[in-house]
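Participant: what's the 3D shape of this:
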Amino acid sequence: MKRGIYMSARISEEQVQHVAGLAKLEISDEQLPYFTEQLDQIMGLFETLSEVDTTGVKPTSSVTDQLNVMREDIADNWNQKEELLANAPETMDGYIKVPTILDESEDN
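Facilitator: Here you go, the predicted structure:
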């Protein structure tokens, strides 16, 4: 199958562009047919899985027989705010100051 001519039955190039935009990914016009084909094939695998008869099969939450070992949730190290803040590179008004990671002003 020649790239760029691929016609997807399950997902359109417009849908791929929309999802890429939501994920803030840039996909060039040259890459679009490739990713559309890839996503179509992935969706096809899920369609194949949906054809399997799972009647009477219990849901699986783990594939091993190991159990999670959880400790009791006990709060400790209370009243050490000043010591914690002393280790922080920068603080403001009793909190650790961190750089902004999401800047909504860039959204269109």
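Participant: CA only for contacts and neighbour counts going forward, please
Facilitator: OK.
Participant: Which SSE is immediately downstream of the longest helix seen in the chain?
Facilitator: In the chain, with assignment by DSSP state H, the single longest helix is helix 32-50. Proceeding N to C from helix 32-50, the next assigned helix or strand is helix 81-87, under DSSP states H and E.
Participant: For the following helix or strand past that next one, the averaged confidence score.
Facilitator: Under the assignment DSSP H and E, the closest C-terminal helix or strand after helix 81-87 is strand 91-92. The pLDDT scores in strand 91-92 average 94.
Participant: where's strand 91-92 relative to the chain centroid, distance-wise?
Facilitator: Between the mean C-alpha location of strand 91-92 and the chain-wide mean there is a distance of 31 Å, by C-alpha atoms, centre = their mean, to the nearest Å.
Participant: when you give positions from now on, start the count at 38
Facilitator: Will do, 38 is the new start, and the previous item becomes strand 128-129.
Participant: And the contacts of it?
Facilitator: L122, K134 (C-alpha atoms under 8 Å, 6 or more residues apart in numbering).
Participant: The helix or strand just after it pairs with which strands, parallel or anti?
Facilitator: Per DSSP H and E, strand 128-129 leads on to strand 132-133 as the next helix or strand towards the C-terminus. The pairing partners recorded for strand 132-133 under DSSP bridges are strand 128-129 (antiparallel).
Participant: what's the spacing between L76 and L86?
Facilitator: Distance of L76 to L86, computed by C-alpha to C-alpha, to the nearest Å: 16 Å.
Participant: out of the two, which sits in the more crowded spot?
Facilitator: Per other C-alpha atoms under 10 Å, whichever of L76 and L86 has more neighbours is L76, with 17 against 11.
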